[in-house]
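Participant: fold the stuff below for me.
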Amino acid sequence: MATQADRGVPLSTLCPKFLHTNSTSHTWPFSAIAELIDNAYDPDVSAKQFWIDKTVVQGQECLSFMDNGNGLDHETMHKMLSFGYSDKVAVNGLEPIGIYGNGFKSGSMRLGKDAIVFSKSKSARCVGMLSQTYLEEIDAKQIIVPIVCFEQGEKDKNIL
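Facilitator: Purely as a prediction, here's the structure:
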């Protein structure tokens, strides 16, 4: 049964197979890597440095991408992991590269079947997961993107 909006209109959903289909927009891995690098250098992120590393975790080769940008709070991570959503605007005259809300999803899924995003901003620590493996394992009928955030309020500055 389709999920319904308040007015009873069925909401659009995305089949998990879309993650792979969407990734095929990158014909080679370097264009996918470029998508992830571009995100770090958008003016709202303000990253000054970017690192790429390859490691092995439990026998699986993994790529890690890290920057020293502003980080993501819960709302921003949710938007980043959603499909086709972008509210990026120019900052100090610098136009953003990522304006269509698809680059992270298409790029990360071109490079692998799973992406875990760890982020630290001034107000929150967040973890989000975009995983074809997880969706296949639970036999998901639509894309589910788990996000866990610990947000720091004014009264609990030392608690995360």
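
Participant: where do the helices sit along the chain?
Facilitator: 17-23, 29-40, 74-81, 103-111, 132-137 (DSSP state H).

Participant: who does the fourth one touch, helix- and strand-wise?
Facilitator: Yep, that's helix 103-111 we're talking about. helix 17-23, helix 29-40, helix 74-81, strand 114-120, strand 124-131 (3 or more Cβ pairs under 8 Å, 6 or more residues apart in numbering; DSSP states H and E). The C-beta positions use only the backbone N, C-alpha and C, and glycine is treated the same way.

Participant: make CSV out of the ones you listed and add mean pLDDT.
Facilitator: CSV is the format used below for those (pLDDT from 0 to 100):
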stretch, mean pLDDT
helix 17-23, 91
helix 29-40, 91
helix 74-81, 90
strand 114-120, 96
strand 124-131, 95
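
Participant: related to what we said a few turns ago, to Gln152, which of the helices of the chain lies closest?
Facilitator: Of all the helices of the chain, helix 74-81 sits nearest to Gln152, with 11.6 Å by Cβ to Cβ.

Participant: list the buried residues for that closest one?
Facilitator: Within helix 74-81, the residues that count as buried by 16 or more other Cβ atoms under 10 Å are His74, Thr76, Met77, His78, Met80, Leu81.

Participant: put the alpha carbons of it into CSV.
Facilitator: Presented in CSV, the C-alpha positions along helix 74-81 are these (Å, rounded to 0.1, in the frame of the first residue of the first chain):
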residue,chain,number,x,y,z
HIS,A,74,20.2,16.7,11.2
GLU,A,75,18.1,18.8,8.8
THR,A,76,21.0,19.4,6.4
MET,A,77,22.0,15.7,6.5
HIS,A,78,18.4,14.7,5.8
LYS,A,79,18.3,17.1,2.8
MET,A,80,21.7,15.8,1.5
LEU,A,81,20.6,12.2,1.7
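
Participant: list the contacts of that helix.
Facilitator: By Cβ atoms under 8 Å, 6 or more residues apart in numbering, the residues outside helix 74-81 that reach it are 72, 85-87, 101, 104-105, 117, 119, 121, 124, 126, 128, 130, 145, 147, 149, 151.

Participant: try it again at 7 Å.
Facilitator: 72, 85, 87, 104, 117, 119, 124, 126, 128, 130, 145, 147, 149, 151 (Cβ atoms under 7 Å, 6 or more residues apart in numbering).
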